[in-house]
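Chemist: let me see the structure of the following:
(4 chains)
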There are 2 protein chains.
Amino acid sequence: MFNFLLNTLSNCYIFKKCTVTMIKKKISIKDIAKLTNTSITTVSFVLNGKGRISADIRKKILDVALENGYEPNRMAVGLRTGESKVIGLIVETISGPFFGTMAKVIEYEAEKAGYGVVYCSTDNNIQKGKNVIKMLSNQLVDGYIITPIKGLEKEIQKLISNEKPVVFIDSYFPGIDIPHVLVDNYNSVYQAIQFLADSGYKNIGFVTPDLDLVQLQERLMGYQAAIKANGLTEDPDMVFNLSYNSERTEAVEAVKEFLTRQINLDAVFFSTNYLGIIGLKSINELKLNIPVDLGVMSFDDHELFELYPPGITSVKQPTYEIAKSAIDLLMSSLNDRSFDVSNIKLQIPAEIIKRGSTSSLT
Amino acid sequence: MFNFLLNTLSNCYIFKKCTVTMIKKKISIKDIAKLTNTSITTVSFVLNGKGRISADIRKKILDVALENGYEPNRMAVGLRTGESKVIGLIVETISGPFFGTMAKVIEYEAEKAGYGVVYCSTDNNIQKGKNVIKMLSNQLVDGYIITPIKGLEKEIQKLISNEKPVVFIDSYFPGIDIPHVLVDNYNSVYQAIQFLADSGYKNIGFVTPDLDLVQLQERLMGYQAAIKANGLTEDPDMVFNLSYNSERTEAVEAVKEFLTRQINLDAVFFSTNYLGIIGLKSINELKLNIPVDLGVMSFDDHELFELYPPGITSVKQPTYEIAKSAIDLLMSSLNDRSFDVSNIKLQIPAEIIKRGSTSSLT
DNA sequence: CATTTTTGATAAAACGTTTTATCAAACCTT
DNA sequence: AAGGTTTGATAAAACGTTTTATCAAAAATG
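Modeler: Predicted coordinates:
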């Protein structure tokens, strides 16, 4: 009697536990086959629209699948087909508006094509980049969009030799045939400096991070060429390499030092928006007036540049176009593996957003 | 003869093609077994440090694995073990500094534990949220960190009933026992308004998006309670609900209208940094002087608030702590499935960053 | 009507792992 | 030396799909 009660209670408890937590086991193709008295092949065919299955069986299977909320097990599909339907996006840094827009566009387009996206950042760190690539490589990802950095050549080559399509974004490896899409760094900076020259500035400084990145080199070259072409003051001391790893306050101090050292500087161009912001802080602390004491222009527009008085003139990257082209390119490679995109190299023009920071003459 | 030549050429071509593209087939556990005259079980045991295998065979297998760059096929592992070693991070928006820090912390901690991270954004859109969850759910992801929005209750419950741990971040479902970690919205806004009151402001407006989000409601309640407690002007018209979907320029106009309508407003609090930025634009266009004409304070600090003269006082979220707690919580659930975290609910205090925008008396 | 062809359905293998159960040989016990 | 135990290695099943090959029945052909 006692035993019986215990038993009942215990059953009761188990029963309750079961209904409360309600672990609905995911239904598989095999379950559907059983439920409909068919074979797993038939179910698979129906669900994938392949083979030739009669209309009534088809309906029966689809009904059962729907009402049980069947979803294929991606792992099993992946194992069988060798495709994960996931693409990897490896960028320099995951915060910031450039990445934000990028991610949004890529995510949107990928989803349309039935792909997911996983993001990773390298933080311009070679070791981290290697880890990230290794992490993604093992059949987990079908294709890549990468902002390449020096030192990752070997790893990326390995991806390609594993038949994984790769598209570079925002940078590239000179001389290596991997498709890439980025802003036309050289010409857009050339035009930016041209604009400063046309605005009457003569002694234009250039602040850039001390990173060995080809896109930064091209910006510098655009600057130098425009300076030369306009007969402006040429002086290696007018180019300032700021240590990428320095603390923010250090960086602000360094830029202040640079701005005061070059006493005859009448304008300064920052090669990234991150530097532009640091520059604004420096200029603010020096109590210099923009644009009267100093004209200011930055590469890569930023929300702050619109708002910060008197508005900071900038070179706005065609972020949407870059992202869209990159994902389109990747999708083409993915859909038609024989389609050789290896020498598609896009350099998209930028737009100069003119604001108050570059009009000393008004 | 002719035929032979053709044949040779053709072979040659094939040979060349093969070496040039060099498709190195990924090596499998089975290949290693064959190469070392062992069984796949043995190889698996050695690679996973299980079973008992003699030192020399162990070494032989490890050597072969290493020199062939063996990496397990995640799909196969996933299929067999039912774990993908990937966690999903679903947030409101993928750009912005809050997400940036968040992502970085979570990525870092996840990687330490051998997990990858996939990101998705809902953009506060229910349909998008549903899609995103469905996309991630099918065995592709082991656990979730989600910023929940109304309308997703059912989908999220389904995840949980599928035994996938879920941790909420930045918001929660009132009355539902799902672990969450977020800033203490009520008290931090209360203290913020208290600070404004202590600074001498009497007529404090409150601008908030017209989104039905619990965290926003709590901020509003904090505002109302502090107003009442300090005996400040209470007036429903001092609370302005800004349409979330309005264009930026429209929003700026709307805030301008609000600020001029309330002629006796001496300070305004923005309930998100996104609104704070719009507010600054409005104030700028109205040529109001901060803090003389109007005290300004915003929830959620932003780079711009530090820089924008005279510096905007703000409520800084403990982003790092939130992210760290969330990922820790998720990892605990993942590591010990029986560990019930369902009523761990963290509300972390915020920090008030005092800047020039709230000191009309100086 | 005998044959070929088409249709509709299925069995079985494969993808690369992990893990349980099994087993022979070598090592201890008394 | 007979029994028991430990050690080292493996076979085989399973995870949930996709796809090839197969096959009986039905339909079309001559």
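
Chemist: where does the closest residue to DNA strand D within the stretch 101-250 of chain A sit: helix, strand or coil?
Modeler: Nearest to DNA strand D in the stretch 101-250 of chain A, going by CB to the nearest atom of the strand, is A:Gly114, at a distance of 12.1 Å. Every C-beta, even on glycine, is put in place using the N, C-alpha and C of the backbone. State at A:Gly114, reduced to three classes by DSSP: H, G, I helix; E, B strand; the rest coil: coil.

Chemist: isn't it right next to A:Lys85, touching?
Modeler: Yes. Contact status for A:Gly114 versus A:Lys85: in contact at 5.9 Å, counting by CB atoms under 8 Å.

Chemist: of these two, give the one with the bigger neighbour count.
Modeler: Taking other CB atoms under 10 Å in any protein chain shown, A:Gly114 and A:Lys85 do not tie; A:Lys85 has more neighbours (18 against 8).

Chemist: could you check how far the more buried one is from B:Pro236?
Modeler: Counting by CB to CB, to the nearest Å, the separation of A:Lys85 from B:Pro236 is 51 Å.

Chemist: circling back: give the contact list for the residue of the stretch 101-250 of chain A closest to DNA strand D.
Modeler: For A:Gly114, the contact set (CB atoms under 8 Å, 6 or more residues apart in numbering or on different chains) comprises A:Lys85.

Chemist: quick check: the gap between the spatially closest residue to A:Lys50 that is not a sequence neighbour and chain B.
Modeler: What sits nearest to A:Lys50 in space, not counting adjacent residues and going by CB to CB, 6 or more residues apart in numbering or on different chains, is A:Ser44, at 7.7 Å. A:Ser44 sits 16 Å away from chain B, going by CB to the nearest CB, to the nearest Å.

Chemist: let me know the secondary structure of A:Ser44.
Modeler: Strictly by three-state DSSP, A:Ser44 counts as helix.

Chemist: hmm, it is touching A:Lys30, no?
Modeler: No. Using CB under 8 Å, A:Ser44 is not in contact with A:Lys30, being 10.1 Å away.

Chemist: neighbour count for those two, which is higher?
Modeler: More neighbours surround A:Ser44 than the other of A:Ser44 and A:Lys30, with 16 against 11 (other CB under 10 Å).

Chemist: show me what from the stretch 51-200 of chain A comes close to DNA strand C.
Modeler: A:51-54, A:57, A:76, A:79-80 (CB under 7 Å from any atom of the strand).

Chemist: 10 Å instead, please
Modeler: Residues of the stretch 51-200 of chain A found near DNA strand C (CB under 10 Å from any atom of the strand) are A:51-58, A:60-61, A:75-82, A:138-139.

Chemist: of those residues, just the buried ones, ChimeraX syntax please.
Modeler: In ChimeraX syntax, the buried subset of these is picked out as below (16 or more other CB atoms under 10 Å in any protein chain shown):
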select /A:53,57,58,60,61,75,76,77,78,79,138,139
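
Chemist: just the residues of the stretch 51-200 of chain A next to DNA strand C: which are in helices?
Modeler: Within these, residues falling in helices by DSSP state H are A:55-58, A:60-61, A:75-81.

Chemist: now tabulate these in a markdown table and tack on distance to chain B and pLDDT.
Modeler: Below are those laid out as a markdown table (distance: CB to the nearest CB, whole Å; pLDDT from 0 to 100):
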| residue | distance to chain B | pLDDT |
| --- | --- | --- |
| A:Ala55 | 28 | 94 |
| A:Asp56 | 28 | 94 |
| A:Ile57 | 25 | 96 |
| A:Arg58 | 22 | 96 |
| A:Lys60 | 23 | 96 |
| A:Ile61 | 19 | 97 |
| A:Met75 | 4 | 94 |
| A:Ala76 | 5 | 96 |
| A:Val77 | 8 | 96 |
| A:Gly78 | 4 | 95 |
| A:Leu79 | 4 | 95 |
| A:Arg80 | 9 | 96 |
| A:Thr81 | 9 | 95 |
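
Chemist: restrict these to contacts with DNA strand D.
Modeler: Among these, proximity to DNA strand D is found for A:75-81 (CB under 10 Å from any atom of the strand).

Chemist: which residues touch A:His180?
Modeler: Taking CB under 8 Å, 6+ apart as the criterion, A:His180 is in contact with A:167-169, A:171-172, A:345-346.

Chemist: A:Leu140 and A:Arg337: what is the separation?
Modeler: Computed as CB to CB, the A:Leu140 to A:Arg337 distance reads 18 Å.
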